[in-house]
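**Student:** Show me the folded form of this:
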Amino acid sequence: MDIVIRRAASGEYDALGEITAQAYLQDGLLDFGESDAYLDELRAVAKRVAAADVLVAVDDDHLLGGVTFVPSGGPMADIAQPGEAEIRMLAVAREARGKGAGEALVRACVDRARATAGCTAVVLSTQRTMHAAHRIYERLGFTRAPERDWNPLPELDDITLLTYELTL
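**Tutor:** Model (predicted):
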């Protein structure tokens, strides 16, 4: 597979939104299934492009997946502190998993962070069950930062997102 990482083109927004939504749905990562409000956010690629860098992984023009890279201080940051970039909404189509697209997307985000003036770290949130993603993060040098774990829905006690960080 010859994976190329580049910015998402406007004609890919709908397809990438659906890949992202389906990745979360098929892996059982949304508490309320198709009615989960977060699905709208996962599908809203144009909205993300307006506030962050949305990258895609392609192989011979076939869309494999994507990720949202939030530069230091970007408006889409959930947990990034000053001087930190954030990785959000990493998703790879089911048929493309295990072929290096996810790792290539994370590497591209780390490279962008290193090229961002004043950026000293990259952070991300992940769910406990995203074991394949955890392996990618750890392989690339990210470490757990349990003191930064957080709950995006405080009204639901059982949703704690794990935080990983990479010092640059």
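**Student:** show me where pLDDT drops low in the chain?
**Tutor:** 27-36, 154-158 (pLDDT under 70).
**Student:** Quick one: the helices in it, in order.
**Tutor:** Assigned by DSSP state H, the helices in the chain fall at 13-26, 38-43, 45-51, 101-114, 131-139.
**Student:** list the buried ones in the second one?
**Tutor:** In this case it means helix 38-43. 38-39, 41-43 (16 or more other C-beta atoms under 10 Å). (C-beta placed from N, C-alpha, C; glycine too.)
**Student:** Next: stretch 73-86.
**Tutor:** 73-74, 76-77, 79-80, 84-86.
**Student:** Turn those into a markdown table, columns for distance to Leu168.
**Tutor:** Output for the buried residues of stretch 73-86, formatted as a markdown table (distance: C-beta to C-beta, whole Å):
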| residue | distance to Leu168 |
| --- | --- |
| Gly73 | 15 |
| Gly74 | 16 |
| Met76 | 20 |
| Ala77 | 16 |
| Ile79 | 16 |
| Ala80 | 13 |
| Glu84 | 9 |
| Ala85 | 9 |
| Glu86 | 13 |
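**Student:** Can you tell me which of those residues is nearest Ala121?
**Tutor:** For the buried residues of stretch 73-86, the closest approach to Ala121 (C-beta to C-beta) belongs to Glu84, at 4.6 Å.
**Student:** all strands for the chain, in order.
**Tutor:** 3-7, 53-59, 62-70, 84-92, 121-126, 143-144, 162-167 (DSSP state E).
**Student:** now those in TSV, with distance to Tyr24?
**Tutor:** Below are these laid out as TSV (distance: least, C-beta to C-beta, whole Å):
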stretch	distance to Tyr24
strand 3-7	21
strand 53-59	16
strand 62-70	12
strand 84-92	7
strand 121-126	12
strand 143-144	22
strand 162-167	16
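**Student:** With Ala115 as the reference, name the closest of the ones you listed.
**Tutor:** strand 84-92 (10.1 Å).
**Student:** now the angle from that closest one to strand 53-59?
**Tutor:** Angle of strand 84-92 versus strand 53-59, following axes from the mean of the first three to the mean of the last three C-alpha atoms, to 10 degrees, is 40 degrees.
**Student:** Just checking: what are the partner strands of strand 84-92?
**Tutor:** The pairing partners recorded for strand 84-92 under DSSP bridges are strand 62-70 (antiparallel), strand 121-126 (parallel).
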